[in-house]
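K.L.:
Have a look; sequence and predicted model below, questions after that.
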Amino acid sequence: MNIVVIGAGGVGGYFGGKLAKAGNNVTFIARGKHLKAIKNNGLQVKSINGNFIVRPNVTDDISTISNPDLVILGVKSWQVGEVAKQLKSVINKNTMVLPLQNGADNADKLRVILPNENVLAGLCKIVSRVEAPGIIDHFAFDPEIVFGEYDNETTQRVQEVSKLFDNGGIKNTISKDIHLDIWKKFLFIATISGIGALTRVEFGALRDDEHIRQIMYQTANEIVAIANAKGIALTNDDIEMILKVVDNLNEKTTASMQRDIMDGRPSELENFNGYIVKQGKEFHVTTPVNSFTYHCLLPQEKKVRGLS
């Protein structure tokens, strides 16, 4: 299978690296110092499950891709639309495009631009980052990919992708309700990311403060209300589940959006708390806690993007 991984960061670098390690034909789309380091030294993956180095194909030019069978998107959610435009001219009718980034509507963004039959839906569970150019650090959570057809049909092609992941040593699940699973992940990441960015502390400090814990619950409750308005069957049990996840993660863990904001990089604020605020207006659901978080962080986001 001809595999292309767009975005060689914590997500794409880890999962693409595992597929390359298993002997698959994998091409990474990377840029800048990261691209140069991978070209010169290979891609080094440091993982709690075992370190490894691979020397995959790597380029910064999507237009050089020819007839990919599977495209894995590891870019940030705010980059999905632009990447889809670039992909439009290089995929064929049989290409599968699998988004793995955080966010609730990435598959929908792809389907606006690409033929619907090309688009799978998915998510991943991993805590990882780019430690330095050419080096991925997976430092928490047992990695897993959850994916499926947009309409939840169990097709031959998703079964083939599952076997591909199995052979690459990647834990994976073909979802029976991919949109519910995406929202369960979104409930977790959108709840903790904005609060983490505001407080600028690690998960251990967040979960140990009773006032912050109550704010997390209120944030999550608003997200559940939006999901329900959209026909997604999240419940209060899902809130309890994500709080347990926070409790069980390493106390030094932080969210990727939190790290982006703290390091002065563009973040997924619009795709997380901002998305909930906008959906609240559309569905006439009040979202005061998400709105507070969003508008507190928005000035810095605009500044980083050169919009202020």
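P.N.:
Structure received.

K.L.:
When you work out contacts or count neighbours from here on, use the C-alpha atoms and nothing else.
P.N.:
Will do.

K.L.:
what are the phi and psi values for Lys281?
P.N.:
phi -70, psi -40 (degrees, to the nearest 10).

K.L.:
distance of it from Glu82?
P.N.:
Here the criterion is CA to CA, to the nearest Å. By it, Lys281 lies 25 Å from Glu82.

K.L.:
likewise Asp60?
P.N.:
From Asp60 over to Glu82 (counting by CA to CA), the distance is 14 Å.

K.L.:
Neighbour count for those two, which is higher?
P.N.:
Asp60 (15 against 12; other CA atoms under 10 Å).

K.L.:
can you give me phi and psi for that one?
P.N.:
Dihedral angles (degrees, to the nearest 10) for Asp60: phi -110, psi 10.

K.L.:
Do I have it right that it meets Leu35?
P.N.:
Yes - taking CA atoms under 8 Å as the definition, Asp60 is a contact partner of Leu35 at 7.3 Å.

K.L.:
The closest residue to Lys18 other than its chain neighbours: how many residues sit nearby?
P.N.:
Leaving aside its chain neighbours, Lys18 sits nearest to Gly168 (5.8 Å; criterion: CA to CA, 6 or more residues apart in numbering). Counted by other CA under 10 Å, the residues lying close to Gly168 total 19.

K.L.:
ok, now the one 5 residues further on?
P.N.:
Other residues near Thr173 number 16, with proximity taken as other CA under 10 Å.

K.L.:
do the one 4 residues further on as well
P.N.:
The number of residues packed around Asp177, counting by other CA under 10 Å, is 16.

K.L.:
any idea how far it lies from Val146?
P.N.:
For Asp177, the distance to Val146 - CA to CA - is 10 Å.

K.L.:
In contact with the residue positioned nearest the centre of the chain: list those residues for me.
P.N.:
For the chain, the residue sitting closest to the mean C-alpha position, by CA atoms, centre = their mean, is Gln101 at 2.0 Å. The contact partners of Gln101, by CA atoms under 8 Å, 6 or more residues apart in numbering, come to 11, 73-77, 123-124.

K.L.:
Now render these as JSON lines, adding distance to Asp209, neighbour count and pLDDT.
P.N.:
What follows is those, written out as JSON lines (distance: CA to CA, whole Å; neighbours: other CA atoms under 10 Å; pLDDT from 0 to 100):
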{"residue": "Val11", "distance to Asp209": "30", "neighbour count": "28", "pLDDT": "97"}
{"residue": "Leu73", "distance to Asp209": "36", "neighbour count": "26", "pLDDT": "98"}
{"residue": "Gly74", "distance to Asp209": "33", "neighbour count": "27", "pLDDT": "97"}
{"residue": "Val75", "distance to Asp209": "33", "neighbour count": "23", "pLDDT": "97"}
{"residue": "Lys76", "distance to Asp209": "30", "neighbour count": "22", "pLDDT": "95"}
{"residue": "Ser77", "distance to Asp209": "30", "neighbour count": "23", "pLDDT": "96"}
{"residue": "Leu123", "distance to Asp209": "29", "neighbour count": "25", "pLDDT": "98"}
{"residue": "Cys124", "distance to Asp209": "28", "neighbour count": "21", "pLDDT": "97"}
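
K.L.:
Counting only strands, which of the residues you listed make the cut?
P.N.:
73, 123-124 (DSSP state E).

K.L.:
Closest one to Glu210 out of the residues you listed, please.
P.N.:
Cys124 (29.2 Å; CA to CA).

K.L.:
The closest one reaches Phe141, doesn't it?
P.N.:
No - counting by CA under 8 Å, Cys124 sits too far from Phe141 to count as a contact (10.8 Å).

K.L.:
The strand or helix carrying Asn290: how far from the chain's middle?
P.N.:
Under DSSP states H and E, the secondary-structure element containing Asn290 is helix 288-304. With CA atoms, centre = their mean, to the nearest Å as the basis, helix 288-304 stands 20 Å off its chain's centre.

K.L.:
Could you list the buried residues of that helix?
P.N.:
289-291, 293-294, 297-298, 300-301 (16 or more other CA atoms under 10 Å).

K.L.:
Out of the residues you listed, which comes closest to Gly134?
P.N.:
Nearest member of the buried residues of helix 288-304 to Gly134, counting by CA to CA, is Glu301, at 26.7 Å.

K.L.:
Where does the closest residue in space to that closest one that isn't next to it in sequence sit: helix, strand or coil?
P.N.:
Closest residue to Glu301 apart from its sequence neighbours, by CA to CA, 6+ apart: Pro266 at 6.4 Å. Following DSSP: H, G, I helix; E, B strand; the rest coil, Pro266 is assigned to coil.
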